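Peer 1: sequence unavailable; structure follows:
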DNA sequence: TTGTACGCGTTATCAT
DNA sequence: ATGATAACGCGTACAA
């Protein structure tokens, strides 16, 4: 593959002149520029980013580490990050940990090896040990979707506590009294927030949180499936379910379908985040949607600002409001930006 | 950020010794190794991949360029590629063109700038001009899902012609005579294959392909939606639809739902590739699934073989068989690896 | 077993 | 406006 010296030789100039042409420097005669450009075209020369980055100490690359790439919530976040990064001439490396701390460690090392300029991460656990590497090497970092206590970094997350509260408010207004929570791992702040919102709404309506109606597992379909099977065995049986995320809701639908329970006639179901593609068929699910794309945008914005200004001032925190979408079986759709209460 | 010389200095050795320790060379005393490792830990030293690649002319990175990252088909392909690459100690860069040739050009340049070792690509069009850059610079390339006539490269694709044939066979056996094809852009080989299979099956059953029952647009939900609305206006109306991919099927479901047409009572619907998440609710769609994961695996395997053997022998072609999944509204599922006829 | 010298491709700095 | 030189961080070739 041709290098800058090959081009320089063919154009009869010094390598630095080629560099100037590539980078659009002013101080080059139109004539030399033409000759250099001709040589570039002739040789199909493409500059080597590796060498460039080695010199400049900048890769123009950021990383996004998510916990589940199969979840449309995260792919939407990724789009927000990538679009914002691209607008600022940054490339994005997308990594998927599958909620596995070991994978997270591997990726963090890999990314530092590649000298990414910064990292946006949804940490697999609230343990800050793994993130320490970034701090030690002064790699700027933005936490997304999940807080990590004691780790100083910019932070972007959705207010899912409020989202959960709205959903439970909605169910209670519809007359439900026994509402089960099918949650993710409460070691993760977002799951904790949703449990908090669930409890707060119940209490605000003079109801008590019953321990045997609160289930926790993973943010996965299989977990939702298993937990809802358990929930259905409760006596008395709950009349409504809050799924803590979209995949849990899918598992719930699966379990309910197997048990011959119709939604919402036999069992009400609401969840945080929209359930992919489902509304095409039967748009009945009331959900509190987190602004995934905006979360990605916001995180990338914070990171890139830090990268370009190089100022190490106070960390910033962005909390984005959810959107309640109330859907009924009749097919009507009612979108609601404000609180439903 | 510390470099190899900082570590060497702290350990009281030469940089090359540190290099040897990092790369697990035998010829290092246990004592020096310990001292070096201590220095590495002390400084939180992480080797610089950029410099390493600059020296070795190898980035251990391949690229996968897909046409629609929102489609589960492609994310599954990506998993196959990434897993296989990772097993062979290669990293994968994932790029999404959204079927836009301009984006494709940009990505190809970007990837060459980064000196990826090889590229797996689903070309946005059958024009081989954009791919020429790879050839000129001797960057190994594997085509996936789509053929490009006159472009010599390894090739992996699913036999969707057979898939389409099976699906139409199935519909005809159920008694359907007027079957519409809702296709993608026939400039793409996979769409062409599906049209061929459609026609072949009709002819094999003594039916003729009616031009006004063949619709073509994009491999997107919106396109499927619009085309099915047109198809419903046909007189006499078709009794069955073949959607050329899963997103087109989603658009079809949307259009049918709006028109008050139930599937399959009022209109039969089959498609190539499975429709994401839908079977959780109502597993009624008969589909011909392409082995997406295996396609990714296979493509990565071909590419990495070429990278490691450095031999420029003949190009290879891998055609993978689809799997017919016949589902009925009653909830029964019948999986069928062989031909349904 | 360990070290020295040099080169990978590019750009910053300082000259001309 | 253009060029010479050195440096980024690492690994190969060869020497000690």
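Peer 2: Perfect, thanks for sending it. Nothing here was measured: the structure is a model prediction, and the numbers come from that model.

Peer 1: CA atoms for contacts and neighbours, from now on please.
Peer 2: Fine.

Peer 1: tell me the SS of residue A:325?
Peer 2: Secondary structure state of residue A:325, per DSSP: H, G, I helix; E, B strand; the rest coil, is strand.

Peer 1: up against DNA strand D, what does chain A have?
Peer 2: By C-alpha under 7 Å from any atom of the strand, the residues of chain A that approach DNA strand D are A:12-17, A:26-29, A:31-33, A:51, A:54-55, A:57.

Peer 1: mind giving me the PyMOL command for buried ones among those?
Peer 2: Applied in PyMOL, the following selects the buried portion of the residues of chain A next to DNA strand D according to 16 or more other C-alpha atoms under 10 Å in any protein chain shown:
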select buried, chain A and resi 15+17+32+33+51+54
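
Peer 1: just the ones of the residues of chain A next to DNA strand D in strands?
Peer 2: Among the residues of chain A next to DNA strand D, no member falls in strands (DSSP state E).

Peer 1: sort out for me which of the residues of chain A next to DNA strand D are in helices.
Peer 2: Residues of the residues of chain A next to DNA strand D located in helices (DSSP state H): A:15, A:16, A:17, A:31, A:32, A:33, A:51, A:54, A:55.

Peer 1: give me the subset of those residues touching DNA strand C.
Peer 2: Among those, proximity to DNA strand C is found for A:15, A:16, A:51, A:54, A:55 (C-alpha under 7 Å from any atom of the strand).

Peer 1: reformat these as TSV; add pLDDT.
Peer 2: Shown next, in TSV, are those (pLDDT from 0 to 100):
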residue	pLDDT
A:15	94
A:16	94
A:51	96
A:54	94
A:55	94
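
Peer 1: thinking again about what came up before, and which of the ones in helices among the residues of chain A next to DNA strand D is nearest to DNA strand D?
Peer 2: Closest to DNA strand D out of these is residue A:55 (3.6 Å), distances taken as C-alpha to the nearest atom of the strand.

Peer 1: how much space between that closest one and chain B?
Peer 2: Here residue A:55 is placed at a distance of 10 Å from chain B (C-alpha to the nearest C-alpha, to the nearest Å).

Peer 1: distance of that residue relative to residue A:48?
Peer 2: Distance, residue A:55 to residue A:48, by C-alpha to C-alpha, to the nearest Å: 11 Å.

Peer 1: related to what we said a few turns ago, which one of the ones next to DNA strand C among the ones in helices among the residues of chain A next to DNA strand D is nearest to residue A:101?
Peer 2: residue A:54 (30.1 Å; C-alpha to C-alpha).

Peer 1: residues touching the closest one, list them.
Peer 2: Applying C-alpha atoms under 8 Å, 6 or more residues apart in numbering or on different chains, one finds that residue A:54 lies in contact with B:50, B:51.

Peer 1: what do you get for residue A:186?
Peer 2: Neighbouring residues of residue A:186 by C-alpha under 8 Å, 6+ apart: A:192, A:216.

Peer 1: for chain B, see how far away it is.
Peer 2: Between residue A:186 and chain B the distance, using C-alpha to the nearest C-alpha, works out to 26 Å.

Peer 1: name the SS class of that residue, please.
Peer 2: coil.

Peer 1: ok, now residue A:242?
Peer 2: Assignment for residue A:242 (three-state DSSP): strand.

Peer 1: and residue A:236, how many neighbours?
Peer 2: Residue A:236: 9 surrounding residues under other C-alpha atoms under 10 Å in any protein chain shown.

Peer 1: quick one: secondary structure of it?
Peer 2: Classification of residue A:236 by three-state DSSP places it in coil.

Peer 1: still on that earlier bit, how about the ones next to DNA strand C among the ones in helices among the residues of chain A next to DNA strand D in JSON lines, adding distance to residue A:310?
Peer 2: Shown next, in JSON lines, are these (distance: C-alpha to C-alpha, whole Å):
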{"residue": "A:15", "distance to residue A:310": "31"}
{"residue": "A:16", "distance to residue A:310": "28"}
{"residue": "A:51", "distance to residue A:310": "23"}
{"residue": "A:54", "distance to residue A:310": "19"}
{"residue": "A:55", "distance to residue A:310": "18"}
